[in-house]
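S.K.: Provided below are the primary sequence and the corresponding predicted coordinates.
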Amino acid sequence: MMDDRGLRLDDVEIRLGERRLLALNTRIAPGETLSVMGPSGSGKSTLFALIAGFLDPAFQASGRVELDGRDLTGLPPERRRIGLLFQDALLLPHMSVGENLLFALPSAIKGRHARRRAAETMLDKVGLGDHFARDPATLSGGQAARVALARTLLAEPKALLLDEPFSGLDAELRETIRRLVFGLVAERDIPALLVTHDREDAEAAGGPMVELPAAGEP
Ligand SMILES: Nc1ncnc2c1ncn2[C@@H]1O[C@H](COP(=O)(O)OP(=O)(O)OP(=O)(O)O)[C@@H](O)[C@H]1O
């Protein structure tokens, strides 16, 4: 039997009153990144919200979103096992880097030492092995992006949604962080969806690409 792993968007359509915002029918295989490109207002963030489970009730959605064969419709965001990464690292400022990670660690991992080890191992993976005690306010943009990635992956998501996660970074750093993110998507063998304005980001993702029409176009 063909395995049903991956993220499936089955005749997904999002409308805003009379206007059809977007329609998608696709499957993202494990380890693959689908890039969704489109101008501002074309519905990228809305698609993201639909998949993650926080679509604004102003929109009407139809179709089916499935992750590893599980229908996500009706599941609250915290039960969808979807990891999110944004342009802003959104680290909690009153905690150390390590505490930010511990906060995201599943409660199934028990014991202070085991939890600390899990967080340190993940920090190591993103190249920040010795930064557990750092104050997030002192991190560079690239370091903050690495911590955000570590925090997202610690929750062991079964799919990743990437909302312009590279756009605040300068060219060289952008390249490094892209390589890190797409490398880990492949290593974890989970599907990812990247929404971006940037063709180079989409090309770096190495997967299929979808372009959304500008808002108001048919
Ligand atoms: N809560 C809302 N109620 C009504 N319309 C909305 C709401 N949120 C967004 N919209 C409209 O829906 C459309 C899609 O918005 P969305 O934010 O998904 O676009 P986007 O492609 O992510 O844009 P950007 O790249 O600027 O973030 C836009 O025309 C926007 O004005």
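M.R.: Everything's here; your move.
S.K.: check which helix or strand covers Leu153.
M.R.: helix 141-154 (DSSP states H and E).
S.K.: now the longest helix seen in the chain, how far from the centre of its chain.
M.R.: Longest helix of the chain, by residue count under DSSP state H: helix 171-188. For helix 171-188, the separation from the chain centroid amounts to 13 Å (computed by Cα atoms, centre = their mean, to the nearest Å).
S.K.: i'd like the first residue to be 157 from this point on
M.R.: Let's use 157 as the start, then, which means that last one is helix 327-344.
S.K.: And that helix, what's buried?
M.R.: For helix 327-344, burial by neighbour count (16 or more other Cβ atoms under 10 Å) applies to 329-330, 333-334, 336-338, 340-341, 344. For glycine as for every other residue, the C-beta is placed from the backbone atoms N, C-alpha and C.
S.K.: and which of these is nearest to the ligand?
M.R.: Checking the buried residues of helix 327-344 against the ligand with Cβ to the nearest ligand atom, the nearest one is Arg330 at 17.7 Å.
S.K.: That closest one touches Phe322, doesn't it?
M.R.: Yes - between Arg330 and Phe322 there is a contact at 4.8 Å, judged by Cβ atoms under 8 Å.
S.K.: what residues do these two have in common as contacts?
M.R.: Taking Cβ atoms under 8 Å, 6 or more residues apart in numbering as the criterion, Arg330 and Phe322 both touch Asp357.
S.K.: Could you look up the SS state of the spatially most central residue of the chain?
M.R.: Centrality entry for the chain: nearest residue to the mean C-alpha point is Leu317, 2.5 Å, by Cα atoms, centre = their mean. Look at Leu317: counting by DSSP: H, G, I helix; E, B strand; the rest coil, its state is strand.
S.K.: What residues does it make contact with?
M.R.: By Cβ under 8 Å, 6+ apart, the residues touching Leu317 are 204, 207-208, 238-241, 348-349, 351.
S.K.: Also Lys281?
M.R.: 306, 309, 340.
S.K.: go again using 7 Å as the cut-off
M.R.: By Cβ atoms under 7 Å, 6 or more residues apart in numbering, Lys281 lies in contact with Ala306.
S.K.: who in this structure is up against the ligand?
M.R.: The chain comes close to the ligand at residues 172, 177, 194, 196-202, 212, 214, 371, as judged by Cβ under 6 Å from any ligand atom.
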